[in-house]
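Q: Sharing a model that was predicted from the sequence below.
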Amino acid sequence: MFTRARTTRAITVAILGIAAAAAAASAGASDEADKDKAAITAAEERMCGMTNMSQRIEDTIGFYDKDVIQFDIMPEVFQGQDAVRKSLAAQYGNVKNLKCQMHHLQVGVDGNLGYAFSVQSFQAEGVRGGPYANAKLHDDVQAREDSVTVKMTWRQTDIWKKKDGKWTMIHQHSSFPVDTKTGKAVFSPEG
């Protein structure tokens, strides 16, 4: 025969059991989210840290989804790995001594979607005739007879999706802030 005390104890034990199971599930989900954030962070840092240009392009493409859409700092929109590969080759094919720094990286995940926001600084030497040959864009471009040194800082947002246990970038958006007084892009953090 059940008494009120036994019933109360049974309900209390059941509630505590449910709470413990929920806490364990939440801890497991938190551990998984931490691993996912670490994977995206490592990919972002690896892409920024690559300095060998030919290897950089091929290694970077491996992070992009086959159907990626990229809004790059160049005016075009690129869709798919092949289009992004061509864009990267055009931008980086004639540069050397690349240095990239990532500032203010923020990464988050929610299930199979993740994001990374950052500010990135870039410095490289470009061969005359490359995409920066006519780079009279700002004071940070130092022209020499055979090459041009380009320094710029931009904002970047990357959207990631986890497919079959692997994170791939499905969208990338890079932009420069705009000086509203001049209508020109601001290429350095100092403005």
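A: Thanks, I have it.
Q: Check the gap between residue 82 and residue 88 for me.
A: Using CB to CB, to the nearest Å, one gets 11 Å for the distance from residue 82 to residue 88. Placement of C-beta: from N, CA and C, glycine included.
Q: any idea which residue sits dead centre in this structure?
A: Residue closest to the average C-alpha location in the chain (CA atoms, centre = their mean): residue 158, at 4.0 Å.
Q: neighbour count winner among residue 82 and residue 88?
A: Taking residue 82 and residue 88 together and counting by other CB atoms under 10 Å, residue 88 has the greater number of neighbours (20 against 11).
Q: give me the number of residues near the residue lying closest to the residue nearest to the centre of the chain once chain neighbours are set aside?
A: Taking CB to CB, 6 or more residues apart in numbering as the measure, residue 158 lies nearest to residue 116, with 4.5 Å between them; neighbours along the chain are not counted. Other residues within reach of residue 116 by the criterion other CB under 10 Å amount to 24.
Q: Also the one 5 residues further on?
A: Counted with other CB under 10 Å, the burial measure for residue 121 works out to 17 neighbours.
Q: Across the sheet, point out what pairs with it.
A: Beta-bridge pairing of residue 121 under DSSP bridges involves residue 101, residue 153.
Q: is it true that the residue nearest to residue 158 touches residue 47?
A: No - taking CB atoms under 8 Å as the definition, residue 116 is not a contact partner of residue 47, at 9.9 Å.
Q: Is residue 48 in a helix, a strand, or coil?
A: In the three-state summary, residue 48 is assigned as helix, counting by DSSP: H, G, I helix; E, B strand; the rest coil.
Q: if I read this right, it contacts residue 101, doesn't it?
A: Yes - using CB under 8 Å, residue 48 and residue 101 qualify as a contacting pair, with a distance of 7.2 Å.
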